[in-house]
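1. this one's sequence-less:
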């Protein structure tokens, strides 16, 4: 009986494994090429595995770009951006979920409506504002505008709505102020949602491209993504592919490592609440 | 209201940030659409001339058409593939589910810029793997990145590759929220797997599918990084997206008023599509059955 059920699942496994292969393939190709001597050809299916692996491309790309500094920039922006959005979104989500105050429903609808406006429409004025604030080439320009996002507040509200209100009442009777109710009672018990939202935010900020491209204008302040994006053209189209792939690997690998460590906070934990609500 | 001041204080940061970095640029941008300005010399009021010029600008019309193609193809492929993967992952007593979820989500973790660079290499005319595979099948090599007919393909494949896992997870959590008794009842009534898919799964997912459709629509209209990295919008304007042209107008040729006009056209298009989708859902929602 069990083996019959397993055989019935075989086509399912086949399709899933094929899609797994497609998901991983470009990454393996990238790493494989990055370990190749420049002289080895990059064409052909058999050329994924380098004959003589070498790290010389990594040394070469580090000589072309200030990669250590770029990595630090990416880490600072992604970390501070994530911390601020997790804090401010959960705080606002808590207020929307657990207080009834005049104008609440209108304010929440307004917040949802802002998600329909593409931020790119204000890209020219945003640049001018940043220049006036002297925030071009600073971390502030990438952290502050998205320190609280509508979608984050929406997810948090959906999740916190399931938190028992009696616990909050009890906290108040015990003499907690409103912020302490949030900080000491609500926050610890919504940690799965916080971790999931933090994971999503960190990935989005690490991989962000257009805003850093616009607002970071010196090589020292580039994030990793902007830095590697100039590789194909920086040497007049003559940068060899293995060197470019070394740059790409450096940009992708830290996040994938973090993802494998944090994978138990699957995104779906947060989604279930949002979808059900 | 004063008694609830803490609640207002808790939600205030979003509204303050939106005022400064959302609403203010939006209004300023509207003002700029009526100006001719390079950022240095004094502004010149030109009325609606920027919009009139857009209608006669072939590069803009190409960007508009390309983006419409990106939207329809990306949404269709992403939602179908994501639904397929989610349904497969939802198979009862599936072994290796955690492994699959972990690996299948990887593309969404990977930076578009980095994979975009890999795609340039894979789709290269002379040494790319895609043409090598075509060659081994006895087919001619194709100019994926440097022919006007095909340059949209790598851009779309990249977008689909990266976005599918995200929607797969959302749809999977939607599937997990469906009451299993519905399926048991259907089995008793003698329904097969295909009938269950179309009679139970898809109607129950209506709201979630709508959410996916709406967010992916917005994302496809905001496409920038994929064409910027892989094709640069070329050759000519064959793979240029609206946001890419907006960026180019504003920050490469410094036509700030013109760029703002492009941004407003984009906003209006998105508003119309979103409104149409909401109306469609309201009308059709009853017929499709609401989520449990």
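-> Here it is on my side, so go on. Remember, it's a predicted structure, so these values are computed and weren't measured experimentally. Numbering: from 1, shown residues only, chains lettered A, B, ... in the order given.
2. per-residue pLDDT, residue A:35?
-> You'll see residue A:35 listed with a pLDDT of 88.
3. how about it, what does it touch?
-> The contact partners of residue A:35, by C-beta atoms under 8 Å, 6 or more residues apart in numbering or on different chains, come to A:50, A:53, A:54, A:55, A:57, A:242. Yep, even glycine has a C-beta here, placed from its N, CA and C like the rest.
4. let's see it at 7 Å
-> Residue A:35 is in contact with A:50, A:53, A:54, counting by C-beta atoms under 7 Å, 6 or more residues apart in numbering or on different chains.
5. could you pick out which of the residues you listed are near chain B?
-> Applying C-beta under 7 Å from any C-beta of the partner chain to these, one finds that nothing falls near chain B.
6. the helix or strand in which residue B:210 is found and chain A in contact?
-> Secondary structure assigned from DSSP states H and E places residue B:210 in helix B:206-221. Yes: interface with chain A: helix B:206-221 contributes B:208, B:218, B:221 (C-beta under 7 Å from any C-beta).
7. what about the second one, neighbour count?
-> When you say that, I think you mean residue B:218. Using other C-beta atoms under 10 Å in any protein chain shown, residue B:218 has 17 other residues around it.
8. which stretches in chain B count as strands?
-> B:35-36, B:44-45 (DSSP state E).
9. ok, back up a step: closest to residue B:160 among the contacts of residue A:35?
-> Of all the contacts of residue A:35, residue B:160 sits closest to residue A:50, with 29.1 Å by C-beta to C-beta.
10. what distance do you get for the closest one to chain B?
-> From residue A:50 over to chain B the distance is 14 Å, taken as C-beta to the nearest C-beta, to the nearest Å.
11. tell me the SS of the closest residue to that residue other than its chain neighbours?
-> Excluding its sequence neighbours, the residue lying closest to residue A:50 (C-beta to C-beta, 6 or more residues apart in numbering or on different chains) is residue A:36, at 4.0 Å. At residue A:36 the chain is in coil, as set by DSSP: H, G, I helix; E, B strand; the rest coil.
12. surely residue A:36 is in contact with residue A:241?
-> No: using C-beta atoms under 7 Å, residue A:36 makes no contact with residue A:241, being 8.6 Å away.
13. more neighbours, the two?
-> Set residue A:36 next to residue A:241 and count neighbours by other C-beta under 10 Å: residue A:36 wins out with 25 against 22.
14. up against chain A, what does the stretch 51-200 of chain B have?
-> Within the stretch 51-200 of chain B, the positions near chain A by C-beta under 7 Å from any C-beta are B:85, B:88, B:91, B:93-94, B:100-104, B:106-107, B:109-115, B:117-118, B:121-122, B:127, B:129, B:132-133, B:169-170, B:172-174, B:176-177.
15. could you redo the last one with a cut-off of 6 Å?
-> Taking C-beta under 6 Å from any C-beta of the partner chain as the contact definition, the stretch 51-200 of chain B meets chain A at B:88, B:91, B:100, B:102-104, B:106-107, B:109-111, B:113-115, B:117-118, B:121, B:127, B:132, B:169-170, B:173-174, B:177.
16. kindly write the ChimeraX command that selects the buried subset of these.
-> Here is the ChimeraX command that picks out the buried ones among those, judged by 16 or more other C-beta atoms under 10 Å in any protein chain shown:
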select /B:88,100,102,103,104,106,107,109,110,111,113,114,115,117,118,121,132,169,170,173,174,177
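17. which residue does chain B have closest to chain A?
-> residue B:25 (2.9 Å; C-beta to the nearest C-beta).
18. ok, back up a step: hmm, the residue nearest to residue A:50 is touching residue A:242, no?
-> Yes: if you go by C-beta atoms under 6 Å, residue A:36 and residue A:242 touch, sitting 4.9 Å apart.
19. my guess is residue B:230 contacts residue B:119. True?
-> Yes: contact criterion C-beta under 6 Å: residue B:230 and residue B:119 qualify, at 5.3 Å.
20. how near is residue A:224 to chain B?
-> Relative to chain B, and taking C-beta to the nearest C-beta, residue A:224 is found at 8 Å.
21. got the contact list for that residue?
-> Taking C-beta atoms under 6 Å, 6 or more residues apart in numbering or on different chains, we find residue A:224 in contact with A:70, A:71, A:74, A:251.
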